[in-house]
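Chemist: Need coordinates for the below:
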Amino acid sequence: MNVIELLADLQIRQDAAANRAGELREQIEHLNAALTEAEARLAELVTTREVIAELAPTGTESEPPESTTA
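Modeler: Take a look at the predicted model:
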């Protein structure tokens, strides 16, 4: 293999590596967006649970127990 062929081969490998890096960057951007959405949803659920826990009755005797029939 002469120098010209070696340089051409290196260019092909460089282009492939650059393309792969670009694909990985796109995947990272997608995953970051999905993570941001999931974290926002988690925060909403935590807040909702906390609000309901504050507003829910504490289980005093005035409440009749739930009955189940099998």
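
Chemist: and stretch 22-33, how far out from the chain's middle?
Modeler: Averaging C-alpha positions (CA atoms, centre = their mean, to the nearest Å) puts stretch 22-33 12 Å from its chain's average.

Chemist: Likewise for stretch 31-50?
Modeler: Taking CA atoms, centre = their mean, one finds stretch 31-50 lying 9 Å from the centre of the chain it belongs to.

Chemist: got the residue ranges for the helices in this protein?
Modeler: Here the chain has its helices, by DSSP state H, at 3-55.

Chemist: which stretches of it have low pLDDT?
Modeler: Low-confidence segments of the chain (pLDDT under 70): 59-67, 69-70.

Chemist: Roughly how far does residue 38 sit from residue 45?
Modeler: Residue 38 sits 11 Å away from residue 45, going by CB to CB, to the nearest Å. The C-beta positions use only the backbone N, C-alpha and C, and glycine is treated the same way.

Chemist: what do you get for residue 39?
Modeler: According to CB to CB, residue 39 and residue 45 sit 11 Å apart.

Chemist: for residue 28, same thing?
Modeler: Plainly put, residue 28 is 26 Å away from residue 45 if you go by CB to CB.

Chemist: again, but for residue 24
Modeler: 31 Å.

Chemist: Please apply the same query to residue 23.
Modeler: Distance from residue 23 to residue 45, by CB to CB: 33 Å.

Chemist: Residue 12 too?
Modeler: Distance from residue 12 to residue 45, by CB to CB: 49 Å.

Chemist: cool, residue 7 as well?
Modeler: On the measure of CB to CB, residue 7 and residue 45 end up 56 Å apart.

Chemist: go on, residue 30?
Modeler: With CB to CB as the criterion, residue 30 and residue 45 are 23 Å apart.

Chemist: go on, residue 25?
Modeler: Taken as CB to CB, the span from residue 25 to residue 45 is 31 Å.

Chemist: Next: residue 68.
Modeler: Distance of residue 68 to residue 45, given as CB to CB: 27 Å.
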